[in-house]
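*Asks:* How does the following fold in three dimensions:
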Amino acid sequence: MAWSPQAGAMPWGSPQPPPPPPPPTPLETPAPARGTAEGRRLVIQGRQQEARWLWIGSRSSEPEALWIPLEVLEGQLGVVRRRSEGSVELEWFGQTLLAGAGEQRSLDDEVAVDAMPLFRAVGLATTRRGGVLELRLPPSQLLQVRSSKSGVWRRVVLDLTGPVVAGRSDGTWLVDLDSSGQQRDQLGALGLVASQNDNQLQLRPGRADGARLFSLGDPYRLVLEFSQAGDATAGGTAGSAGGSAPRSLDPRLQRLLGQQISWDRLERRGIRLNAVRVDPRTAPVQLRLLTNPSGMEGLSSVQALANTQRAIVAINGGYFNRVKRLPLGALKSDGQWLSGPILNRGVAAWQAGSLPRFGRLSLEESVSGADGQRLPVAALNSGYVQRGISRYGPEWGPSYRALSGGESALVLSRGVVERRYGSRELEFGVPLRRGEILLVGRGGVELPWLEGTAIKLTSRASNDLGQAPFVMGGGPLLLLDGRIVLNGGAETFSSGFLNQGAPRTVIGSDGKQLWLITLEGTQDSGPSLGETALVLQELGLRDALNLDGGSSTGLVMGGTMPVKGRGVVGAVHNGLGLVPSAGSSQ
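*Replies:* This next block holds a predicted model:
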């Protein structure tokens, strides 16, 4: 359910009123065209799943346009998204598609593009039957397996007779391709656990972290790259033809389940809940933010984030800009603001060994010079782009690159302007060094101070939640002190966002235990936020905060992933995890 602002300006789907800035809600959807059809069922190579789509054109022929969520293209077809400033650049078997900000739209809570140019180029057939969309490629054969190695990294190349569908689920690549036993033995010897299930080849590297898959055209190839550092499966044998053996729970979690960690699977009001409960004051685990250690730019999966910090339980976290792959909301870890709060939205705040506290949070910051001129700072370490001044530090990452056009900036070192940057330099990227502050002016806002000028920065949180060493932002706030406090206007969410049904992720507390919760619909797309608040109140929660949802929703339990928002592993920016405490026997 991540949303993405247009390049250089305000979020999609937002009106353009005067300050305060408009809400970062889902993309604005253009008016339906003649001959349109839409649905929530998708069949890929004969396998049915839930996914939103929009068909424009005649039913008797291929569509003029076919809008498909990025999550489906990347996670279920094998399309690779390249970085392209302000646009989405997709590549699949040598064919590319570039979609600018104006060529992207919202399908409920998902960012979607017109994928028909890419589908036509690759030869993927589209068929619509009522509310079901079918996508199918002609059968392809695996010609040969080739491999090379550089250091600990292994590259495996599958030579093919044509394009194939290649998705990924819980660290396993799923390729619609027949293979022989000899070919699977060869893949096993290269460090891939390989098994054949009907017409689908399943491939799992010994280490899934950092692994990637992409395709090439002319000739058709599928390329898998993965690390074999400390990989016990390297040189192993292929899996059985019956499929990969299910992964067992991490023994660290097994020892705590039913004792100090509870995992409840419930159904209420047509909603399927997975609820993990723990008292962080007594259990040998800590609640931690899960983020990319190299900086704020980039997306991952809940599973990979959990692996990074060896979390035994993890859920996805707050909102992010899917196109620019940047955070949109509060992220504070060990007292450092990795990303500042925005729009007075709900947060959960805590310190080690305590239950989280909940409320709405904003930062009030300003900079002033010796001449008395004082200017407000709109955002701190944020992917939320708006007119005004934003500040960035090394917590953001090793460098800053312009997020909009026509930016200017200056660097403060020990409270003095050390140097200034123009828009050209910012487009290429400038370093973020320890002890320095980068102030960025956007939307025509000028930074008037020259080099050598002394500058004073003041910063104040709206309440004491901002003083906690750990903060996770989301929104909207659902429950506070046992009362439903859902107020979309107070946190600048649109009515459409509040009323739509979708998978949900929530952090909450009943006053005795911390709750990490996912909610999914048993018969429909999922609960609305009002339905979510009501069912959590009925379960006895006193406080609850909605996090990112939709395809982002995910739950990791001891290395397994029992919850995947819409049936596939979604790309996310950050998460929350239960990590064994330092020095514990776990």
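*Asks:* Who are the contact partners of Ser408?
*Replies:* Contacts here follow C-beta atoms under 8 Å, 6 or more residues apart in numbering; on that basis Ser408 touches Arg420, Tyr421, Gly422, Ser423, Leu426, Val440, Gly441, Glu446, Leu447. From N, CA and C alone the C-beta is placed, and that goes for glycine too.
*Asks:* quick one: pLDDT of the second one?
*Replies:* Looking at Tyr421, its pLDDT stands at 96.
*Asks:* got the residue ranges for the helices in the stretch 351-500 of the chain?
*Replies:* Here the stretch 351-500 of the chain has its helices, by DSSP state H, counting those that start in this stretch, at 423-428, 495-499.
*Asks:* Check the chain too.
*Replies:* 70-72, 116-122, 181-189, 251-254, 302-308, 423-428, 495-499, 529-538 (DSSP state H).
*Asks:* tell me which strands and helices the last one is in contact with?
*Replies:* This points to helix 529-538. strand 271-278, strand 477-480, strand 483-484, helix 495-499, strand 504-509, strand 514-521, strand 543-546 (3 or more C-beta pairs under 8 Å, 6 or more residues apart in numbering; DSSP states H and E).
*Asks:* rerun at 10 Å
*Replies:* With contacts defined as 3 or more C-beta pairs under 10 Å, 6 or more residues apart in numbering; DSSP states H and E, helix 529-538 has these neighbours: strand 261-268, strand 271-278, strand 477-480, strand 483-484, helix 495-499, strand 504-509, strand 514-521, strand 543-546.
*Asks:* Distance from the chain centre to it, please.
*Replies:* Here helix 529-538 is found 24 Å from its chain centre; the criterion is C-alpha atoms, centre = their mean, to the nearest Å.
*Asks:* same question, the shortest one
*Replies:* Mean-position distance between helix 70-72 and its chain equals 12 Å (C-alpha atoms, centre = their mean).
*Asks:* Equivalent analysis for the second one, please.
*Replies:* Distance of helix 116-122 from its chain centroid, counting by C-alpha atoms, centre = their mean, is 26 Å.
*Asks:* Let me know the average pLDDT across it.
*Replies:* If you average the pLDDT over helix 116-122, you get 95.
*Asks:* For it, name the packing helices and strands.
*Replies:* With contacts taken as 3+ C-beta pairs under 10 Å, 6+ apart, helix 116-122 sits against strand 65-69, strand 87-92, strand 95-100, strand 125-129.
*Asks:* just those strands: most buried one?
*Replies:* strand 65-69 (a mean of 24; mean count of other C-beta atoms under 10 Å).
*Asks:* can you state the direction angle for it and strand 125-129?
*Replies:* 90 degrees (axes from the mean of the first three to the mean of the last three C-alpha atoms, to 10 degrees).
*Asks:* possible to save the helices of the chain as a markdown table with mean neighbour count and distance to Leu107?
*Replies:* Shown next, in a markdown table, are those (neighbours: other C-beta atoms under 10 Å; distance: least, C-beta to C-beta, whole Å):
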| stretch | mean neighbour count | distance to Leu107 |
| --- | --- | --- |
| helix 70-72 | 25 | 10 |
| helix 116-122 | 19 | 15 |
| helix 181-189 | 18 | 36 |
| helix 251-254 | 17 | 36 |
| helix 302-308 | 24 | 22 |
| helix 423-428 | 14 | 31 |
| helix 495-499 | 16 | 12 |
| helix 529-538 | 20 | 18 |
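*Asks:* quick one, which of those helices is nearest to Val568?
*Replies:* Nearest to Val568 among these is helix 70-72 (6.7 Å), distances taken as C-beta to C-beta.
*Asks:* What lies in contact with that closest one?
*Replies:* 2, 4, 42, 44, 49, 51-53, 79, 81, 88, 90, 99, 104, 107, 110-113, 115, 135, 167, 322-323, 550-552, 565-566, 568-571 (C-beta atoms under 10 Å, 6 or more residues apart in numbering).
*Asks:* can I get the helices of the chain in JSON lines with distance to Gly329?
*Replies:* JSON lines is the format used below for the helices of the chain (distance: least, C-beta to C-beta, whole Å):
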{"stretch": "helix 70-72", "distance to Gly329": "20"}
{"stretch": "helix 116-122", "distance to Gly329": "32"}
{"stretch": "helix 181-189", "distance to Gly329": "41"}
{"stretch": "helix 251-254", "distance to Gly329": "28"}
{"stretch": "helix 302-308", "distance to Gly329": "16"}
{"stretch": "helix 423-428", "distance to Gly329": "23"}
{"stretch": "helix 495-499", "distance to Gly329": "14"}
{"stretch": "helix 529-538", "distance to Gly329": "16"}
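*Asks:* Which of the helices of the stretch 351-500 of the chain comes out lowest on mean pLDDT?
*Replies:* Comparing mean pLDDT across the helices of the stretch 351-500 of the chain, the weakest is helix 495-499, with a mean of 85.
*Asks:* Dump it to PDB, restricted to CA.
*Replies:* This file holds the C-alpha atoms of helix 495-499, laid out as PDB (Å, rounded to 0.1, in the frame of the first residue of the first chain):
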ATOM      1  CA  SER A 495     -11.900   9.200   2.600                       C
ATOM      2  CA  GLY A 496     -11.200   6.800  -0.200                       C
ATOM      3  CA  PHE A 497      -8.200   5.400   1.600                       C
ATOM      4  CA  LEU A 498     -10.100   5.100   4.900                       C
ATOM      5  CA  ASN A 499     -13.000   3.200   3.400                       C
END
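*Asks:* name the helices or strands packed onto it?
*Replies:* If you count contacts as 3+ C-beta pairs under 10 Å, 6+ apart, helix 495-499 packs onto helix 529-538.
*Asks:* quick one: which of the helices and strands packed on helix 529-538 is nearest Gly383?
*Replies:* Judged by C-beta to C-beta, the one of the helices and strands packed on helix 529-538 that comes nearest to Gly383 is helix 495-499, at 18.3 Å.
*Asks:* Quickly note the distance from Leu534 to Leu541.
*Replies:* 11 Å (C-beta to C-beta, to the nearest Å).
*Asks:* which residues touch Val572?
*Replies:* Val572 is in contact with 2, 290, 299-305, 315-320, 322, 505, 547-548, 551-554, 565, counting by C-beta under 10 Å, 6+ apart.
*Asks:* That one: what's its closest spatial neighbour, skipping adjacent residues?
*Replies:* Nearest residue to Val572, sequence neighbours excluded (C-beta to C-beta, 6 or more residues apart in numbering): Asn316, at 4.5 Å.
*Asks:* so the one you found bridges to which residues?
*Replies:* Asn316 has these beta-bridge partners by DSSP bridges: Gly575.
*Asks:* For burial, what's the neighbour tally of it?
*Replies:* For Asn316, the neighbour count with other C-beta atoms under 10 Å is 32.
*Asks:* how far away is it from Gly554?
*Replies:* 5 Å.
*Asks:* shared neighbours, those two?
*Replies:* Ser301, Val302, Leu305, Thr505, Thr518, Asp548, Val563, Gly565, Gly570, Val572, Gly575.
*Asks:* can you tell me which of those residues lies nearest to Glu62?
*Replies:* Within the shared contacts of Asn316 and Gly554, proximity to Glu62 (C-beta to C-beta) peaks at Gly570, which comes in at 28.1 Å.
*Asks:* ok, now which ones touch that closest one?
*Replies:* 1-2, 69-71, 74-75, 110, 299, 301-302, 316, 322, 503, 548-554, 564.
*Asks:* change it to 8 Å
*Replies:* The contact partners of Gly570, by C-beta under 8 Å, 6+ apart, come to Glu71, Gly75, Ser301, Asn316, Gly550, Ser551, Ser552, Thr553, Gly554, Lys564.
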